[in-house]
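Participant: My questions are about this predicted structure, shown below with the sequence.
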Amino acid sequence: MFWIDASSHESITLSLKGISGISAAKDSGVDGSVPSVLQWISHIQEEWLIVFDNADDPPPQEVAKFFPPGNRGNILITSRNKSMGRLVLFENRIEINEMEEPDAVNLLLMASCLDPLPQHQQAAKNIVTELGCIPLAVDQAGAYIAAGKCDLKGYLRQFSLHRQALMSDTTFMGASNYNQNVYGTWDLSFKEIEKKAGEQSRDAQAAQAAILILQICAFYHYSNISEDIFRSAAEQSREHVVNGQVAKQLPQAISSLDHTLLALDNDGHWDDFIFGQGIGVLVSFSLIKRGQSSEMLLVHPLVHCWSREKMLKSEQQRTYHIGSMILSCAVSWRFTSQDYAWRRLIFPHIKANELYGSQMGLIKQYNDDQWSNFALVMMENGDWNKAEQLFVEVMKMRKKLLGTEHPSTLASMANLASTYRNQGRWNEAERLEVQVMDMRKKLLGIEHPDTLASMANLASTYRNQGRWNEAEQLQVQVIDMRKKLLGTEHPSTLSSIANLASTYWNQGRWTEAEQLDIQVMNMSKKLLGTEHPSTLISMDNLASTYQNQGRWNEAEQLEVQVVDMTKQLLGTEHPFTLSSMANLASTYRKQGRFNKAKQLFVEVMDMRKKQLGIEHPDTLASMENLASTYHDQKRWNEAEKLQVQVIDIRKKVCDAQHPDTVRRAYTMIRGT
């Protein structure tokens, strides 16, 4: 058995020459040269194994030069460079992933000098999960616990407060002869990349790109980092540049976008050559991995923390801003199904970018396009409080820089009003919407699309306030104008018809509501597709109408489809998903299927309390629905307790005479 240090051409040569010194080689007349050693190994009669260890840097063909001639014996290559797999058959390639959880738990308990008792198992499981089952990290945690510096239950608290110090502990020796702590291991890899970046060679540019990509990704969520984030940012930046200039009326993130990784080819498409070279370097050092889809990148959670914590403060500040600007420029204000799906994918990265910047005390920089884009993503993904904060700042800055009558200022006011409407703050929404509508009528005229949009928004607020006659008058006016100006099949026309149907529904005019709901649903499916949020809303609305007509089986069929689709497309915690679940639960209740109804109502109520707070109208509605279900089940005490709680909150936060609306429209912003 022969071990070869394959980290470089020189180390392979030295290792092979070292083999010539063993007695069996000397007795066979090996002269100390590499060819002589390889010839001798190839003629050994018994089974033999050569391990080419750590073959990350030399290209595959360089390593292959050192294979003994002939077809005897066995060769094992360990490498983080996937291209090394070209030297063997496909079935002989084995990817070594993270340690399995049970093995990691056993390693931790062994390294901690603890018996594998049941009371230790759960605490150990929590620790290895946090460490991502990296053997070296698990071993290091065990050594720390065994040294008496904390007990098994206390380790995670110390880890959350002092992760960098624990993972960089220079006194750690480990169970093997590796003699490196966790962060030290990655530091060695990073230093090697930095060395390549400083050289005068063709690899320097790839190494420089690798460093920048790793640092940017440190300020995104560690999973599902799509290469399309960079593609979209590069190609959308082109759309905002006119004659080589970006509009200077407002602070624009796009004007200071770093194009190092975002080059465009002559056709205006993203030239991903440099980006791909950088990813190749990171993959070869196991600092980043490709996901199930080749365009999805993954960073191990611990690598993710290390790469962020190792930066100097100035580097953190710079890459935090670069990362946020790229995310911003990747957001479009288009509204196809693909656009909604894209903004859902990018949402966790925007949240992570915000979180890490805040945790590290980094300075935020106002950019109008960035804050507007992020607010749109927050709005669509149900983070209405964050959307409100951003829209308030955008509105203030636009008033200051552009004036109160500028179209962009009015758009920001309309967007903020939509957020208030989603939060159930209908009086605040109404005040803003009246201002916007009046100003747009004055500046743009009553037939302008923006004016009609503001009239439609105000009508929706009137409907939520129970002012149904006022809502109906405005909605009929908007429908007539949109049909005239845009045609009957335009998405905005369909939206206004859907709103009128909702008003008819509130008024108990269910036959009229049904006719409009069917019209909107069929046209939405045809024009937008079955997965578009507007189509799902139209299906949910029709189901609610069926429910009130006593057509519960038809309602259930539609509602089950909507719940399944919204869970798949928006996630289980999205407000519209919860709304569709509540509607399905109501149908179950009407059908006398009280246990199924109760199960869904509890799930919806708990999630709304967590996301919206106990005083939000939707939360109160879900509490009332659950109370009614308890009543149906003759669980009088539980029903009474909830009903009293709801009455007290309603007296506190709103008019006790306010009509209860079971169905709520999901607000979609159209203006910038």
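Facilitator: Thanks, I have it. Numbers count the residues shown, from 1 in each chain.

Participant: just checking, what's the longest helix in this protein?
Facilitator: Using DSSP state H to define each element, the chain has its longest helix at helix 337-359.

Participant: What lies in contact with that one?
Facilitator: 218-222, 224-226, 228-229, 232, 308, 320, 323-324, 327, 330-332, 362, 364, 374, 376-378, 380-381, 383, 386, 528-529, 531-533, 569-571 (CB atoms under 8 Å, 6 or more residues apart in numbering). To be clear about C-beta, it is placed using only N, CA and C from the backbone, and glycine gets the same treatment.

Participant: Which of those residues are buried, as a PyMOL select command?
Facilitator: Typed into PyMOL, the line below selects the buried ones among the contacts of helix 337-359, using 16 or more other CB atoms under 10 Å:
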select buried, resi 218+219+220+221+222+225+226+228+229+232+308+320+323+324+327+330+331+332+362+374+376+377+378+380+381+383+386+528+531+532+533+569+570
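
Participant: Filter the contacts of helix 337-359 down to the ones in helices?
Facilitator: Going by DSSP H, the helices hold 228-229, 232, 308, 320, 323-324, 327, 374, 376-378, 380, 386, 528, 533, 569-570 from those.

Participant: How is this structure divided into domains?
Facilitator: Annotated domains of the chain cover 2-92, 101-180, 204-377, 559-672 [automatic domain parsing].

Participant: Where among those domains is average confidence lowest?
Facilitator: If you rank these by mean pLDDT, domain 559-672 sits at the bottom with a mean of 83.

Participant: Quick one: the helices in the stretch 351-500 of the chain, in order.
Facilitator: Assigned by DSSP state H, counting those that start in this stretch, the helices in the stretch 351-500 of the chain fall at 368-380, 384-402, 407-422, 426-444, 449-464, 468-486, 491-506.

Participant: of those helices, which approaches residue 184 most closely?
Facilitator: helix 368-380 (36.6 Å; CB to CB).

Participant: Only alpha carbons, please: show that closest one as CSV.
Facilitator: Written as CSV, here are the backbone C-alpha positions of helix 368-380 (Å, rounded to 0.1, in the frame of the first residue of the first chain):
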residue,chain,number,x,y,z
ASP,A,368,-34.8,54.2,-4.7
ASP,A,369,-35.0,51.3,-7.2
GLN,A,370,-33.5,48.9,-4.6
TRP,A,371,-35.9,49.8,-1.8
SER,A,372,-38.9,49.8,-4.2
ASN,A,373,-38.0,46.4,-5.6
PHE,A,374,-37.4,44.8,-2.2
ALA,A,375,-40.7,46.2,-1.0
LEU,A,376,-42.5,44.6,-4.0
VAL,A,377,-40.9,41.2,-3.1
MET,A,378,-41.9,41.6,0.6
MET,A,379,-45.4,42.5,-0.4
GLU,A,380,-45.9,39.5,-2.6
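
Participant: and the helices of the stretch 351-500 of the chain as CSV, adding distance to residue 68?
Facilitator: Below are the helices of the stretch 351-500 of the chain laid out as CSV (distance: least, CB to CB, whole Å):
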stretch, distance to residue 68
helix 368-380, 58
helix 384-402, 63
helix 407-422, 70
helix 426-444, 78
helix 449-464, 76
helix 468-486, 76
helix 491-506, 69
